[in-house]
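Enquirer: model the following, please.
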Amino acid sequence: MVARWHTSIVKAPKAMTIRLSIEQAEALETVATVEDRAVSEVIRAAITEHIENRRRDPKFQADLKARLVRARRLLDRQSDS
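Expert: Numbers count the residues shown, from 1 in each chain. Model prediction:
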């Protein structure tokens, strides 16, 4: 479902399921409780931080570019067939 407001398009949130060890779940719940935040909010913040770290990581960026180049070559070969 896509909601429209004025000229911008807002994507509906995507639900995902993750599996955690008992220890991870307990630690996550503890952090959320101490910070007085919802577990889902703590998870989203951790994911955002992880992605931002990758955006600033030169090695990750180089690996990403290399994968994109390989994918482009494969697509080009497919279209030439």
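Enquirer: who touches the longest helix seen in the chain?
Expert: Among the segments of the chain that qualify as a helix by DSSP state H, the longest is helix 58-80. Contact partners of helix 58-80, identified using Cβ atoms under 8 Å, 6 or more residues apart in numbering, comprise Arg54, Arg55. Heads up, the C-betas are built off the backbone N, CA and C, glycines and all.
Enquirer: starting at the chain centroid, how far to it?
Expert: Averaging C-alpha coordinates over helix 58-80 and over its chain gives two centres that are 20 Å apart (Cα atoms, centre = their mean, to the nearest Å).
Enquirer: what mean pLDDT does it get?
Expert: Here the mean pLDDT over helix 58-80 is 92, rounded to a whole number.
Enquirer: what of stretch 29-39?
Expert: On average, stretch 29-39 scores 98.
Enquirer: if we can go back for a sec, send me the longest helix of the chain as PDB with only the CA atoms.
Expert: These are the backbone C-alpha positions of helix 58-80, laid out as PDB (Å, rounded to 0.1, in the frame of the first residue of the first chain):
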ATOM      1  CA  PRO A  58      35.400   2.700   2.600                       C
ATOM      2  CA  LYS A  59      35.900  -1.000   2.400                       C
ATOM      3  CA  PHE A  60      32.200  -1.700   2.400                       C
ATOM      4  CA  GLN A  61      31.700   1.000  -0.300                       C
ATOM      5  CA  ALA A  62      34.400  -0.500  -2.400                       C
ATOM      6  CA  ASP A  63      32.900  -4.000  -2.100                       C
ATOM      7  CA  LEU A  64      29.500  -2.600  -2.900                       C
ATOM      8  CA  LYS A  65      30.800  -0.900  -6.100                       C
ATOM      9  CA  ALA A  66      32.600  -4.100  -7.100                       C
ATOM     10  CA  ARG A  67      29.400  -6.100  -6.800                       C
ATOM     11  CA  LEU A  68      27.500  -3.500  -8.800                       C
ATOM     12  CA  VAL A  69      30.000  -3.700 -11.600                       C
ATOM     13  CA  ARG A  70      29.800  -7.500 -11.600                       C
ATOM     14  CA  ALA A  71      26.000  -7.400 -11.600                       C
ATOM     15  CA  ARG A  72      26.000  -4.900 -14.500                       C
ATOM     16  CA  ARG A  73      28.400  -7.100 -16.500                       C
ATOM     17  CA  LEU A  74      26.000 -10.100 -16.000                       C
ATOM     18  CA  LEU A  75      23.000  -8.100 -17.000                       C
ATOM     19  CA  ASP A  76      24.800  -6.800 -20.100                       C
ATOM     20  CA  ARG A  77      25.800 -10.400 -21.100                       C
ATOM     21  CA  GLN A  78      22.100 -11.500 -20.600                       C
ATOM     22  CA  SER A  79      20.900  -8.700 -22.900                       C
ATOM     23  CA  ASP A  80      23.500  -9.500 -25.500                       C
END
